[in-house]
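>>> Quick one, fold the following:
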Amino acid sequence: MLRPAWARGVIDDTSTALICCAALLEELIAGGIAGIEVLNQAFVMVLPERRSQSYQLEFLFEYYVKMLWRHSAALKVSKVWESIVQGLQIYPSNPQLYDALVEISCIHTTPNKLRWIFDNYCQKNPSVSLRNPSVITVGEVSAGPPVDQSQR
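Residues are numbered from 1 along each chain as shown. You can find the predicted model right below:
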């Protein structure tokens, strides 16, 4: 019933809620992996270029990441990581996906690698991790806390 509508790009709140309910039901009956598989099948029904154009699909992807996170002990970390990164490529302004990336990174990676990932997705030059956050050096100019000249 949903396949033809989703293939044509007709994605509404009702169909999204139906898929979330089906995934939750499968999660409760057969386990988390079965619920995740329901969501995977839903994403296959949608053409890739239409994924970024739908608020409903963005919501569904957030639900998918939450389900992955709940069952991350039963999954490989790389599967959860790849899904979050894929979501950031489709929905680069989604704060929940950034939150999930930071959460998984705090457990499974170093801060420098996380910084590199953010720089890579924001298409910026690599940034520098600072050990002393009160002093920021940019080129030859140094900005930091005000220095009282009378104490010199």
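
>>> Stretch 13-31: how far from the chain's middle?
21 Å (CA atoms, centre = their mean, to the nearest Å).

>>> neighbouring contacts of it?
Stretch 13-31 is contacted from outside by 2, 5-6, 34-39, 42, 56-57, 59-60, 63, 67, 74, using CB atoms under 8 Å, 6 or more residues apart in numbering. Backbone N, C-alpha and C define where each C-beta goes, glycine included.

>>> So which residues of the protein form strands?
Secondary structure of the chain (DSSP state E): strands at 136-138, 141-143.

>>> The longest helix belonging to the chain: which residues count as buried?
Ranked by residue count and defined by DSSP state H, the top helix of the chain is helix 13-30. By neighbour count on 16 or more other CB atoms under 10 Å, the buried set for helix 13-30 is Ser15, Thr16, Ile19, Cys20, Ala22, Ala23, Glu26, Glu27.

>>> Quick check: pLDDT value at the second one.
What it means is Thr16. Thr16 is assigned 87 on the pLDDT scale.

>>> Report the central residue of the protein.
Geometric centre of the chain, nearest residue: Leu97, 2.5 Å, by CA atoms, centre = their mean.

>>> Identify the residue nearest it in space, chain neighbours excluded?
Spatial nearest neighbour of Leu97, excluding adjacent residues (CB to CB, 6 or more residues apart in numbering): Gly87 at 4.7 Å.

>>> what about the protein, any weak spots by pLDDT?
By pLDDT under 70, the low-scoring segments of the chain are 1, 7, 47-50, 108-111, 117-118, 121-152.

>>> what about Trp81, distance to Glu103?
Noted for Trp81: a distance of 11 Å to Glu103, by CB to CB, to the nearest Å.

>>> Those two: which is more packed in?
Neighbours were counted for Trp81 and for Glu103 using other CB atoms under 10 Å; Trp81 has more, 19 against 13.

>>> Surely Leu39 and Leu60 touch.
Yes. Between Leu39 and Leu60 there is a contact at 6.9 Å, judged by CB atoms under 8 Å.

>>> shouldn't Gly32 be in contact with Arg70?
Yes. Using CB under 8 Å, Gly32 is in contact with Arg70, at 6.4 Å.

>>> Which one of these two is surrounded by more residues?
Gly32 (19 against 13).
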